[in-house]
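# pasting the sequence and the predicted coordinates here, then a few questions.
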Amino acid sequence: MTMKWYGDKILRRVNKDARRLRKCLGQTVATTARRIVPVRTGALQGTIRVEEVGDSTVVRAGDDKVDYAADVELGTERRAAQPFLRPASEQLSQSDVSKCIH
């Protein structure tokens with residue numbers, strides 16, 4: 001009797017599927033964040049993006065020119081917080097996960 005090991009092939013497939021799921025969920029969070037971010041000029045809204053960092057998917061806002069994303073999300077001593085990233089991630093639903101899986 002001969003046995004074949006397909007573990008490496010299965011692991012590659014699982015990793016590929018997990019990466020695709022993370023990216024899809026990240027895009028869903030980014031879309032929601034763009035919808036709920038406070039907008040004055042649209043500059044901050046335009047910097048919301050999804051990035052792959054190692055084995056993680058990260059939704060980021062801000063860049064070198066728009067350096068106030070954390071101030072908006074977390075607030076400052078002069079301005080109240082207007083969170084948009086955390087609420088966007090908290091709004092993920094089972095329906096969103098199902099859409100990303102299929």
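Thanks, I have the structure now. As the structure is a computational prediction, the values presented were derived from the model and not from experiment. Numbering: from 1, shown residues only.

# spatially speaking, which residue is in the middle of this protein?
The geometric centre of the chain, computed from its C-alpha atoms, lies nearest to residue 26 (Cα atoms, centre = their mean), at 2.9 Å.

# state the distance from it to residue 40.
When distance is defined by Cβ to Cβ, to the nearest Å, residue 26 is 25 Å away from residue 40. For glycine as for every other residue, the C-beta is placed from the backbone atoms N, C-alpha and C.

# the longest helix in this protein is where?
Taking DSSP state H as the assignment, the helix of the chain that covers the most residues is helix 7-36.

# what's the burial count for residue 66?
Residue 66 sits with 15 neighbouring residues when counted by other Cβ atoms under 10 Å.

# number of nearby residues for residue 33?
Residue 33 - counted by other Cβ under 10 Å - has 25 other residues nearby.

# swap in residue 31?
Residue 31 - counted by other Cβ under 10 Å - has 13 other residues nearby.

# per-residue pLDDT, it?
Looking at residue 31, its pLDDT is 97.

# do the same with residue 7
At residue 7 the predicted local distance difference test score is 83.

# distance check, it against residue 59.
Counting by Cβ to Cβ, the gap between residue 7 and residue 59 amounts to 32 Å.

# higher neighbour count, these two?
Between residue 7 and residue 59, counted using other Cβ under 10 Å, the more crowded position is residue 59 (20 against 8).

# who's in contact with the more buried one?
Taking Cβ atoms under 8 Å, 6 or more residues apart in numbering as the criterion, residue 59 is in contact with 26, 29-30, 33, 48-51, 85, 88-89.

# among those residues, which ones are buried?
26, 29-30, 33, 48-50, 85, 88-89 (16 or more other Cβ atoms under 10 Å).

# which residues does residue 46 contact?
Neighbouring residues of residue 46 by Cβ under 8 Å, 6+ apart: residue 66.

# part of a strand, is it?
No. The assignment for residue 46 is helix, going by DSSP: H, G, I helix; E, B strand; the rest coil, so no strand is present there.

# could you report the pLDDT at it?
98.

# one more: residue 60?
98.

# what bridges to it?
Following DSSP bridges, residue 60 is listed with bridge partners residue 49.
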